[in-house]
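Undergrad: I need the structure of the sequence given here:
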Amino acid sequence: MTSFLLVRHGETLWNRAGRLQGWQDSPLSEAGRAQADALAARLARERIDSLVASDLGRTRETAAPIATRLGIEPALAPRLRERCYGDLEGLTWDEIQRAYPEAYARLLARDADYVVSGGESAMQFRDRVVAAVEQLARAHPGGATIAVVTHGGVLGMVYRHAMRIGLEMPRTFGIPNAGFNRLRIEGGRWTVEAWAETAHLPEGALDDE
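TA: This next block holds a predicted model:
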């Protein structure tokens, strides 16, 4: 069995502006930095054997106070990056609708096979995330607990895979910034034990995928 404490990065300036981040980056906002500190205090209450973070700037910035609290250096995991949205990154959804109407329509329709120009499809993204998490589970067997600092899209794919929700289905579950989520993998079976907990946060958390 392997336990995962999965957390989303704190709020960024682009989150506040409604811009699609993907593999691009924007620093944490003031609220995001406060969320990261609160998240570090929450994780300090857990027994954690390893700390893993996506290698993008917003996750590394969120992981920094956690690493200080735990006394564990984070291992960086490029395969736990957000979905790559290629040419659409840095744009708002209104800007995407005007400049890339086909991409906007295909994404709105949740077309799992649609490959964004310069990016990846939802199915490619899902397969990357599932493989990365299962590889971590194999590398940390025997009841280990891994804290993972990652992205809203990654958490969405984790939840969908564990709960057997198709990629074509609309999202009905929360993915708050700096939220706390607990997952167990045992014998290849994924079980969600806690999801979207925010009681540790000083303010309301932004929720987007």
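Undergrad: Could I get the contacting residues of the residue nearest to the spatial centre of the chain?
TA: Among the residues of the chain, the one closest to the centroid is residue 151, at 2.1 Å (Cα atoms, centre = their mean). Neighbour list for residue 151: 8-9, 54, 56, 59, 80-82 [criterion: Cβ atoms under 8 Å, 6 or more residues apart in numbering]. For every residue, glycine as well, the C-beta is placed using N, CA and C.
Undergrad: at 7 Å instead, please
TA: Contacts for residue 151 (Cβ atoms under 7 Å, 6 or more residues apart in numbering) come out as 8-9, 54, 59, 81-82.
Undergrad: hmm, which two among those residues are most spread apart?
TA: The span of the contacts of residue 151, defined through Cβ to Cβ, is set by 8 and 81 at 13.0 Å.
Undergrad: Between those two, which is the more surrounded one?
TA: When neighbours are counted by other Cβ atoms under 10 Å, residue 8 and residue 81 differ, and residue 8 comes out ahead with 30 against 21.
Undergrad: Apart from its neighbours in sequence, what residue is nearest residue 28?
TA: Counting by Cβ to Cβ, 6 or more residues apart in numbering, the nearest residue to residue 28 once its immediate chain neighbours are dropped is residue 10, at 4.7 Å.
Undergrad: now residue 186
TA: Once flanking residues are discounted, residue 186 sits nearest to residue 1: 4.1 Å by Cβ to Cβ, 6+ apart.
Undergrad: Pretty sure the one you found sits against residue 143.
TA: Yes. Here residue 1 reaches residue 143: they are 5.6 Å apart, a contact under Cβ atoms under 7 Å.
Undergrad: and the residue with the largest distance to the centre of the chain, what element?
TA: Each residue of the chain has a distance to the centre, and by Cα atoms, centre = their mean the biggest one is for residue 98: 27.4 Å. Here residue 98 sits within helix 93-99, counting by DSSP states H and E.
Undergrad: average pLDDT for that helix?
TA: Averaging pLDDT along helix 93-99 gives 98.
Undergrad: Show me which positions of that helix end up buried.
TA: Residues residue 96 are the ones in helix 93-99 that count as buried (16 or more other Cβ atoms under 10 Å).
Undergrad: how distant is it from the center of its chain?
TA: Offset of helix 93-99 from its chain centre (Cα atoms, centre = their mean, to the nearest Å): 24 Å.
Undergrad: so what does that helix touch, helix or strand wise?
TA: Applying 3 or more Cβ pairs under 7 Å, 6 or more residues apart in numbering; DSSP states H and E, one finds that helix 93-99 contacts helix 101-108.
Undergrad: circling back to that earlier point, show me what contacts the residue nearest to residue 28?
TA: Residue 10 makes contacts with 28, 32-33, 35-36, 62, 177-178, as judged by Cβ under 7 Å, 6+ apart.
Undergrad: any idea whether it is helix, strand or coil?
TA: Under DSSP: H, G, I helix; E, B strand; the rest coil, the three-state class of residue 10 is coil.
Undergrad: Residue 169 - how many residues pack around it?
TA: Neighbours around residue 169, by other Cβ under 10 Å: 9.
Undergrad: Can you tell me, leaving aside adjacent residues, what's nearest to it?
TA: In this structure, residue 169 finds its nearest non-sequential neighbour in residue 110, 7.4 Å apart by Cβ to Cβ, 6+ apart.
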